[in-house]
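Peer 1: Need the 3D shape of this:
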Amino acid sequence: MRRKEFIKNTLMSAAAVTIVPRHVLGGKGFTAPSDRINLGYIGTGKQASGLMRNISGTKETLVVAACDVDRKKLARFVSQAEEANAKKTSTSVKPYTHYRELLGRKDIDAVVIVTPDHWHAQIAVDAAKAGKDIYCEKPLALTIAEGRAMVEATRKYKRVFQTGSMQRSQKNFRRAVELVRNGYIGNIKEINVSVGEPVKECDLPSLPIPDYLDWDMWIGPSFYRGYNPVLAPPIEDSSWAWWRGYKGFGGGLITDWGAHMFDIVQWALDMDASGPVSFNPPNTPAAENGLSFTYANGIVVHHKPWGDGNAIQFIGTEGVIEVSRSFLRSKPENIVDIELKPSDKKIYFSDNHYQDWVNAIKNRTRPIADVEIGHRTATVCNAINIAYQLQRPLKWNPKKEVFDDPWANMMISRPYRAPWNFRDF
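Peer 2: Next up is the predicted model:
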């Protein structure tokens, strides 16, 4: 799609009213066509299939379009989406190979971005310009600057943006956060987070490009490198794509699982609009754990294997809380069973991350994992990777979003290949 045509279409789309409550149109029992939220999916790999099934479980949504640079994955997803639609109404799903063509459709209300991380910012900014509400998988952005641009574009175009940090809609984590915030383990002394290794340079060999894959478009705004199936597995391979482990495409397990676990730390410490003030990596070259970061209130968070994988340990002056997707436990053991008092601080919580997004779209409110929250969590993860790479202590100003180190500040953003520009909004 030509750039002028795209801008014209997006401006027209942004001006249109897409969600009109049924009571405005009148008639008891009347179901307004605009009560249906038409979705387009951008990225149709393994994660997209599961996400589509969950979001299609909400009665208001319907998939009308999908886009991918892999024609085989796109065809499979279209078939799956049409099966999900059939449970509500018979609606076909139109495939696209360029996401801007999908964004140009006026009948699409919202998009679900399930691409590799290096595409998140460009697509999200373009979607906001096109007047679409957004669900974007975590980690929100590949760089700190990209995350801030996604926030600014969302606010400028008054979009509803949910980050795919679905642990915020799970009971174990809500319970842990409320217990920590209300002082049931006393003052927090330290927090231990066990997630995997930082990002590394991509050292994979280049192999022939499959004929069903537009590899140049898969690379998109990142520096070009040759194809390897580890980065973009064929449809027959059910393993997770490991683009997430390499610079230029992902942030290692620091951002992959860290975007979940460090997000809960941010939530528990009521730091959703802020973040740490310093990062201290170990002196060991190529260390994969051992970094710590500190908040202005003195609380220290350690990235280390403390006993359970992909889990968090809150250590307070009066007890310990440990939480993951599979357990919530405490020392003393009775802490997790304490009934909260009416005077205790309650947190905003939804037990369905996808319905929460849908409700926010209908009500024009912010969802539980708003874009700013996703950005702040991704910032923690990206700053951890920067500190591991530079191997020296860094001070961070969470208000100005700058380091005290010129080299670290150069790593806040990254060069883009032409014609892509995530700041063009």
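
Peer 1: Isn't residue 415 up against residue 248?
Peer 2: No: Residue 415 is beyond contact range of residue 248, at 10.2 Å (criterion: C-beta atoms under 8 Å). Every residue, glycine included, has its C-beta placed from N, CA and C.

Peer 1: okay, those two: which has more neighbours?
Peer 2: With neighbours defined as other C-beta atoms under 10 Å, residue 415 and residue 248 compare such that residue 248 has more, 20 against 7.

Peer 1: circling back to that earlier point, for residue 415 and residue 248, list the residues in contact with both.
Peer 2: Residues touching both residue 415 and residue 248 (C-beta atoms under 8 Å, 6 or more residues apart in numbering): residue 223.

Peer 1: What are the boundaries of the helices in the stretch 101-250 of the chain?
Peer 2: 120-129, 144-156, 171-181, 215-219 (DSSP state H, counting those that start in this stretch).

Peer 1: Mean neighbour count, mean pLDDT and distance to residue 286 added to the ones you listed, as CSV?
Peer 2: Converted to CSV, these look like this (neighbours: other C-beta atoms under 10 Å; pLDDT from 0 to 100; distance: least, C-beta to C-beta, whole Å):
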stretch, mean neighbour count, mean pLDDT, distance to residue 286
helix 120-129, 26, 98, 27
helix 144-156, 22, 98, 23
helix 171-181, 20, 97, 32
helix 215-219, 17, 98, 26
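
Peer 1: Mind putting those helices into TSV with distance to residue 300?
Peer 2: TSV is the format used below for those (distance: least, C-beta to C-beta, whole Å):
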stretch	distance to residue 300
helix 120-129	30
helix 144-156	21
helix 171-181	15
helix 215-219	39
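
Peer 1: which one of these lies closest to residue 345?
Peer 2: Smallest distance to residue 345 across the helices of the stretch 101-250 of the chain (C-beta to C-beta): 5.6 Å, for helix 171-181.

Peer 1: Alpha carbons only: can I get the closest one in CSV?
Peer 2: The C-alpha coordinates for helix 171-181 follow below in CSV (Å, rounded to 0.1, in the frame of the first residue of the first chain):
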residue,chain,number,x,y,z
LYS,A,171,-5.7,-15.1,41.1
ASN,A,172,-2.3,-16.3,42.5
PHE,A,173,-0.6,-13.1,41.5
ARG,A,174,-3.5,-10.8,42.5
ARG,A,175,-3.5,-12.4,46.0
ALA,A,176,0.3,-12.1,46.3
VAL,A,177,0.2,-8.5,45.3
GLU,A,178,-2.5,-7.6,47.8
LEU,A,179,-0.7,-9.3,50.6
VAL,A,180,2.5,-7.6,49.8
ARG,A,181,0.9,-4.1,49.4
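
Peer 1: can you pull the contacts of the closest residue to residue 348 other than its chain neighbours?
Peer 2: Counting by C-beta to C-beta, 6 or more residues apart in numbering, residue 348 lies nearest to residue 368, which is 6.1 Å off, once chain neighbours are set aside. With contact set as C-beta under 8 Å, 6+ apart, residue 368 has these partners: 162, 168-169, 348-350, 353, 356.

Peer 1: Tell me which of those fall in strands.
Peer 2: residue 162 (DSSP state E).

Peer 1: Got a quick ChimeraX command for the buried subset of the contacts of residue 368?
Peer 2: Restricted to buried positions by 16 or more other C-beta atoms under 10 Å, the ChimeraX selection for those reads:
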select :162,168,169,349,350,353,356
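
Peer 1: got TSV for the contacts of residue 368, with distance to residue 260 and pLDDT too?
Peer 2: Below are the contacts of residue 368 laid out as TSV (distance: C-beta to C-beta, whole Å; pLDDT from 0 to 100):
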residue	distance to residue 260	pLDDT
162	15	98
168	9	97
169	12	97
348	18	90
349	16	89
350	17	92
353	12	98
356	17	98
